[in-house]
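K.L.:
Next input, structure requested:
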Amino acid sequence: MTRIDGRKEYEPRPVKMTAGFVDFAEGSVLIECGRTKVLCCASVEDRAPSHVPEGSGWVTAEYSMLPRANRERSRRDVSKLKLSPRSAEIQRLIGRSLRAAVDMAALGERTITIDCDVIQGDGGTRTASVTGGFAALAIACRKLVEDGVIEKNPIKNYVAAISAGIVEDTPLLDLCYEEDSRAMVDLNCVMNDRGELIEIQGTGEGRGFTVEEQRTLVNLCQDGIRQLIEKQKELLGG
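P.N.:
Just a heads-up that it's a prediction; the model follows:
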């Protein structure tokens, strides 16, 4: 099938990551995936939540879409009590994904919060948040080492995420909004730089899908994530 932006079935959208987009955060990255734009800021606090074992740290995330990030204005998430179910589910995904990249003992008794604010959404906001959020997290961790706060960098591996789906019975990588809205199957995939899966979210929107189709989508994602991690390494100098 012909994609609306002329990409091949296996081709991700153009990606740009800009570090230091915010002056005051310990780490910040603006990630642009096609027309999707997410600002990711990492903030460090010198305390860990009570549920965390003594001597260990914690990584968490918050996610929100600005009112005009989409084609129609959405209500602003004023507090956690009013956080939309979608935003709550996405920020849990981001937090789980980023925690998989960190040695919590090396981080020490502190918390890093990654705020992911969608400036413009055109599909793939959660996966862009994971990819950009990791880069912001890595910058913040590097700063902790440079400032002498911790002895070694707690980042264990790179982490990135991308989507794939089936549209008109054709597997496609990195769906934009128009494709996602017509997708029969939608799958989000998080992996590390060792090629290991961290999370898969797959849904049959218009029909069920086979194990073989799932493998095809995951393989598409694996190649896309490999490219995203190369972009992260270029940004971070890793």
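K.L.:
going forward, measure contacts and count neighbours with C-alpha atoms only.
P.N.:
Fine.
K.L.:
you'd agree residue 87 is in a helix?
P.N.:
Yes. Per DSSP: H, G, I helix; E, B strand; the rest coil, residue 87 lies within a helix segment.
K.L.:
Who are the contact partners of it?
P.N.:
By Cα atoms under 8 Å, 6 or more residues apart in numbering, the residues touching residue 87 are 63-64.
K.L.:
Could you check how far it is from residue 125?
P.N.:
11 Å (Cα to Cα, to the nearest Å).
K.L.:
again, but for residue 100
P.N.:
20 Å.
K.L.:
So between these two, which is more surrounded?
P.N.:
Legend: neighbour count by other Cα atoms under 10 Å for residue 100 and residue 125, higher for residue 125 (28 against 18).
K.L.:
which helices and strands sit right next to the longest helix seen in the chain?
P.N.:
In the chain, taking DSSP state H as the definition, the longest helix is helix 211-236. Counting contacts by 3 or more Cα pairs under 8 Å, 6 or more residues apart in numbering; DSSP states H and E, helix 211-236 packs against strand 15-19, helix 125-146, strand 159-167, strand 170-173, strand 185-192.
K.L.:
any idea which of those is most buried?
P.N.:
Across those, averaging neighbours per residue (mean count of other Cα atoms under 10 Å) puts strand 159-167 on top, at a mean of 29.
K.L.:
CA atoms only for stretch 22-34 - export them in PDB, please.
P.N.:
The C-alpha coordinates for stretch 22-34 follow below in PDB (Å, rounded to 0.1, in the frame of the first residue of the first chain):
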ATOM      1  CA  VAL A  22      15.100  23.400  29.000                       C
ATOM      2  CA  ASP A  23      17.800  25.300  31.100                       C
ATOM      3  CA  PHE A  24      16.800  24.200  34.600                       C
ATOM      4  CA  ALA A  25      16.100  20.500  34.400                       C
ATOM      5  CA  GLU A  26      19.000  18.100  35.100                       C
ATOM      6  CA  GLY A  27      18.300  16.500  31.700                       C
ATOM      7  CA  SER A  28      16.000  17.600  28.900                       C
ATOM      8  CA  VAL A  29      15.400  16.500  25.400                       C
ATOM      9  CA  LEU A  30      12.900  17.600  22.700                       C
ATOM     10  CA  ILE A  31      12.100  14.600  20.600                       C
ATOM     11  CA  GLU A  32      10.400  15.000  17.200                       C
ATOM     12  CA  CYS A  33       9.100  11.900  15.400                       C
ATOM     13  CA  GLY A  34       7.500  13.200  12.200                       C
END
